[in-house]
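# Quick check, what structure comes out for this input:
(2 chains)
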Amino acid sequence: MKRIIAFLLAAVMLFSMAACSNQENTPNEQPETSAKTALTMGYTTEPEGLDPQRTAAASTFSVTNNIYDTLVSVTSDWEIIPRLAKEWNVSENGMEITFTLRDDVYFHNGRQMTAKDVEYSFNRLKDAESPKAKDYENIVKIEAVDDYNIKFTTETLDVELLKRFAYPWTAIVPEEAADNLKTAPVGTGAFKLKEWNPQQDLTLERNDNYFGEKAKLETVKLVLIPDATSMMASFQVGDLDIIPLTGDQVTMVENNDTYQVISEPMNAVQILSINTDNEILKNEKVRQAMAIAINKDEVIEASMFGYGDKIGSHLPPTSPDYYDTNDMIEYNPEKAKELLKEAGYENGFDINMTLPKNYQLHVDAGQVIADQLGKIGINVNIEIVEWGTWLSDVYTAKKFDTTVVGHTGRLDSYAFLARYKSDSNDYISLKTGEVDQLLSDALKELDENKRTEIYKQIQVILAEKLPAIYLQTPRTMLALQKDVQGMEIFPIDVYDFSTVSFAE
Amino acid sequence: MLRYVLDRVKSSVVVLLVVSIITFAVLMIIPGDPAQLILGTEATTEMVEELHAAMGLDRPLYQQYLGWLNDLLHLDMGTSYVYGESVKSLITGSLPVTLSISVFAMIIAVFFAFLFGMLSAIKKNSIIDYFSRSIMQLGTAIPSFWIGMVFIVYFGLKLKLFPVSGFVPFSDDFGGFIKSITLPSVVLAIGETGTLLRIVRSSMLDSLNQDYMDMAKVKGLGARKIYIKYALRGALIAPLTIIGMQFAKLAGGTVVVETIFSLPGLGRLVLGAVEHRDIVLLQGLVMFITAMVIFITLAVDVLIMFINPRIKSFQRGE
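Numbers count the residues shown, from 1 in each chain, chains lettered A, B, ... in the order given. I've put the predicted structure just below:
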């Protein structure tokens, strides 16, 4: 027994000595060179593999966008610019698009990229195992004209076709490496994967054979830190150069000279979706009453600490087709009570609200809304469910009265709004059919200005009919160490590290 | 002895089988579908159905289960569809993390629990007894996420003694390894020390009240010999069982501590597998953790038999 105790003592001593002995060389200081070339960024959600055609996870695309390239790119101002394609040509009738590819693009394995690879990648994107296949159903023919020209033909006219080639899931991949892209990605991008330790970190290194301007950073290390407080602590000690910020943390970094904060409205809308099949909620007056009983400023304050923009319809203010409908629905609880009375619910009623647990932003918003609706006599029972449950019960089975959720990530307004067709099988739709004709018109209208006009009408109808109550466009926020420059926020869920560098 | 171990191993196989069926059934019953989770909120019903079929999830349940079992018998735990990596390599990747912090936490917990447990039993109702009993209460009452945060902010951010997050593998840098696991281990140890201390104290008290203790005193043996050789030995059984249980619990992964300190351990892997409904990964993890728990309890039982031969003879039916 003496021996056991002696062993324990020794173990503890060794342990504390080891802990002490290392205090001298502080680990948080990196060797100072003239300009740093190793960037470290924190992230909260693990990528679901690094194969862009086998997942729909935003966490994957934010990484893969640096490893693979797409034919075209979107700038932070929503402009479509050349990437792998030098130029493109849309046929007279709008049903064919031909891209001319660069002739100086090589995959990370050294092989040159040609039109054959583009053809292969799009066929792969359209096959059964690809989550995004349905979005490209309309492309019926993919044809490599020669080595550097590729032609896509659609079945019906799609005026937003070009934008579909900017999404990160349309990345060009080499056939010979396709089976293992999830863990061993091979692309043409400005960075290559150096190392990935699932649950821990992922390191990218510069691709010195990149066709474009080479990245200034030598390595980018993404460190997985699921807890927001630990993330902030790591940032404050200087272990991380960039972190995503939550609203409550902004005050901790914004008035500090050693940090900078960048923020952009997300390309997303947070909405209170309403099940219009519900006996009470199908009454338009009831929905209007609810809409004006909700103080959206309070909702934004509670869920995003004020870092959000109020919306009145289903498009974010950043969208080129956005039309401001905020003045159509103004906060007025007194009038809300009157409307309820007119609708025959003077004494209020009970409804359920299902909230997705994994999204604190929606849960917080839902709780404030429940409180606000309570003030006009609507008694809201909140049920908080796990994301998987939300998707199967609310989104797919449509078993809900109300819910708060976000819709995100599309460049074309049609994709945002298509769910409101009366015959769409979606969890929310506008059953009365007022937007059906407008939506199919929008898809065929080649004139951009006329299209914007159609989308404006749709937004106005949605703001009137309220198949959902539109709350806000939350902001994406990043905190950066002072010396980080060139980091941008894009309208789709990607990061681009090729332009990032450190100040000297 | 060997027969006893063999019997236990045989029954473990049954336990594992039952556990695998239960996990599978639970995953089938709870709402949430992997295809749906992959596609998220921008998907239509047809898209979900197609992907569902492509992932092989539309096969009858028994076929899916038997397929998995068949692979397992061929020592293939399958491939996680979230990570695209084999379940085996994911487990071997996160096991060292969880084991390191569990072992360290238990060393700390055992040391303090025995030290203060014995002292407080020997000097019952003294200041040291009250002190250790308050520690015991505190340790059990403080939630680990809170103490973890406090440690990060104080030791990591303010004093910069330890890294605030992440894990440094043993082979990379020994000092870094020790530093990266110190805070999480201490947090875990705080949670376990209280319970263990209470058990040590009460078994020690029990043991001190035995007749043979009076005998030892009458014989004029020194205090150290009395307490350590006689009293402690008699008082070891209950704490050892508890230690085994505590270690098994920690080794199965500790979601809260792993999350706060961003450690890529088993707990986080389990959590991710559940959230993504990654059936293959979760089944593999549950099997592995169950097997580990069975092994640890078996090892503890064998150890106890060495310490207390009476149990061995009881097992033989004498």
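# The one residue in the stretch 151-300 of chain B that gets nearest to chain A - nearest residue in space that isn't next to it in sequence?
Proximity of the stretch 151-300 of chain B to chain A (C-beta to the nearest C-beta) peaks at B:Pro264, 3.3 Å away. Where you see a C-beta, it was placed from the backbone N, CA and C, and this is true even at glycine. Distance criterion C-beta to C-beta, 6 or more residues apart in numbering or on different chains; nearest residue to B:Pro264, sequence neighbours excluded, is A:Gln199 at 3.3 Å.
# mind checking pLDDT for the closest residue to B:Ala238 other than its chain neighbours?
Distances taken as C-beta to C-beta, 6+ apart put B:Ser203 closest to B:Ala238, at 4.5 Å, once the chain neighbours are dropped. B:Ser203 is assigned 91 on the pLDDT scale.
# And A:Gln485, by the same measure?
Taking A:Gln485 on its own, its pLDDT is 93.
# What distance do you get for it to chain B?
Noted for A:Gln485: a distance of 25 Å to chain B, by C-beta to the nearest C-beta, to the nearest Å.
# The stretch 51-200 of chain A: helices as residue ranges?
Along the stretch 51-200 of chain A, counting by DSSP state H, counting those that start in this stretch, helices occupy A:58-67, A:115-125.
# In the longest one, which residues are buried?
Neighbour-count burial for helix A:115-125, counted by 16 or more other C-beta atoms under 10 Å in any protein chain shown, picks out A:115, A:117-122, A:124-125.
# Likewise for stretch A:62-81?
For stretch A:62-81, the neighbour count (16+ other C-beta under 10 Å) marks A:62-74, A:78, A:80 as buried.
# Can you measure across that stretch, start residue to end residue?
Stretch A:62-81 has an end-to-end distance of 19 Å (C-alpha to C-alpha, to the nearest Å).
# just stretch A:100-111 next, same as before
19 Å.
# Contacts for it, please.
Contacting residues not belonging to stretch A:100-111 are listed as A:67, A:69, A:71, A:84-89, A:112-115, A:117-118, A:147-150, A:174, A:176-177, A:186-188, A:192, A:207, A:209, A:211 [C-beta atoms under 8 Å, 6 or more residues apart in numbering or on different chains].
# Could you report the neighbour count for the residue nearest to B:Pro264?
Neighbour count for A:Gln199, taken as other C-beta atoms under 10 Å in any protein chain shown: 22.
# Hmm, it is touching A:Glu46, no?
Yes - A:Gln199 is in contact with A:Glu46 according to C-beta atoms under 8 Å; the separation is 6.6 Å.
# what sits in contact with each of these two?
Taking C-beta under 8 Å, 6+ apart as the contact rule, A:Gln199 and A:Glu46 both touch A:224, B:272.
# give the contact list for the residue nearest to B:Ala238.
Contacts of B:Ser203 (C-beta under 8 Å, 6+ apart): B:234-239.
# So of those, which two are at opposite extremes in space?
Spanning the widest gap among these are B:Gly234 and B:Pro239, at 11.4 Å by C-beta to C-beta.
# Look at those two and report which has more neighbours.
B:Pro239 (25 against 18).
# sec struct for that one, please.
Secondary structure, DSSP: H, G, I helix; E, B strand; the rest coil: B:Pro239 is helix.
# re the thing from before, out of the buried residues of helix A:115-125, flag the one nearest to A:Leu446.
Comparing the buried residues of helix A:115-125 against A:Leu446 with C-beta to C-beta places A:Phe122 closest, at 23.4 Å.
# what's the residue nearest to the closest one when sequence neighbours are not counted in contact with, if anything?
Leaving aside its chain neighbours, A:Phe122 sits nearest to A:Ile142 (5.0 Å; criterion: C-beta to C-beta, 6+ apart). Contacts for A:Ile142 (C-beta under 8 Å, 6+ apart) come out as A:118-119, A:122-123, A:150-153.
# Nice, that's everything, thank you.
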